[in-house]
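> Sequence and predicted structure below; questions after.
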Amino acid sequence: MRQASALMALALCCATASAQTQTQAPANFEGQPVQTLTATLRGTTFSLHATDSGYIPESTDRLTFDNAGPEMEKATGDRGPRYRWGFGFALKGDAKPVRVRVEDFGKDADTLLVDDTAPVIDAGHRWSGRAATECDIVPTAPCAAWIFDKGLQTLIFRLTVDFDDGTNQVLYQGAAFNPDTMQPVWSFLGVKR
């Protein structure tokens with residue numbers, strides 16, 4: 001329930017009357033009712049969908065953005081723990097992406113994480129990609145701030161997919177992490193918080 005409260009706080013602080021029409025939210029997800037949270041950040045209005053358990057994958061008629069999260073690596077030798085963002089989506093129908101971009105849609109600026117100009121779609125009609133750079137998990141690294149902050153951290157990713165027919169789709173995906181409850185993960189990775 002704590003996560004749902006934080007999601008509602010995001011919606012209330014950024015509420016707006018307009019809504020994004022590209023995404024398709026189901027009435028229920030994994031047996032829970034779905035809430036639509038519409039927000040405006042730096043002049044861009046977007047909608048996210050969530051249940052009491054957290055954000056759900058955003059979906060359109062052409063794809064479902066179902067993977068957005070950190071891929072952690074344990075400390076090894078003289079190298080400390082680190083992570084790299086990983087993303088993925090499932091295609092619907094015969095859509096053919098020609099470019100995929102994923103950005104961290106932050107409060108102050110966008111950060112380009114993936115720019116795939118030759119996307120490969122696997123036999124399961126899926127695309128996956130990883131951020132070009134790793135982030136060292138240390139308190140002084142801006143990319144790791146969400147790990148060292150207290151309480152629920154909400155990140156928003158913007159996925160832009162250009163298709164071979166000249167169209168594109170833009171989806172916003174929320175991701176919520178509570179570093180305070182992830183102590184077993186940090187211990188395993190060798191992260192000192």
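That came through, no problem.
> drop to CA atoms for contacts and neighbour counts, all remaining ones
Will do.
> gap between the two ends of stretch 130-144?
In stretch 130-144, first residue to last residue: 16 Å (Cα to Cα, to the nearest Å).
> Now do the buried residues in that stretch.
Buried positions in stretch 130-144, judged by neighbour count with 16 or more other Cα atoms under 10 Å: 130, 131, 135, 136, 137, 138, 139, 144.
> hmm, who's touching it?
Stretch 130-144 is contacted from outside by 80-87, 113-114, 145, 147-148, 191, using Cα atoms under 8 Å, 6 or more residues apart in numbering.
> how distant is that stretch from the center of its chain?
Chain-centre distance of stretch 130-144: 16 Å, with Cα atoms, centre = their mean, to the nearest Å.
> What average pLDDT does that stretch get?
Mean per-residue pLDDT for stretch 130-144: 93.
> Give the helix, strand or coil label for residue 24.
Following DSSP: H, G, I helix; E, B strand; the rest coil, the label given to residue 24 is coil.
> Return the distance of it relative to residue 181.
From residue 24 across to residue 181, the span is 31 Å (Cα to Cα).
> pLDDT weak spots in the protein?
Applying pLDDT under 70 to the chain picks out residues 1-22.
> Helices along that one, start to end?
Assigned by DSSP state H, the chain shows helices spanning 2-13, 145-148, 183-189.
> shouldn't residue 60 be in contact with residue 66?
No - in this structure residue 60 lies outside contact range of residue 66 using Cα atoms under 8 Å: 11.6 Å.
> Could you tell me which residues within stretch 28-44 count as buried?
Buried residues in stretch 28-44, defined by neighbour count with 16+ other Cα under 10 Å: 34, 35, 36, 37, 38, 39, 40.
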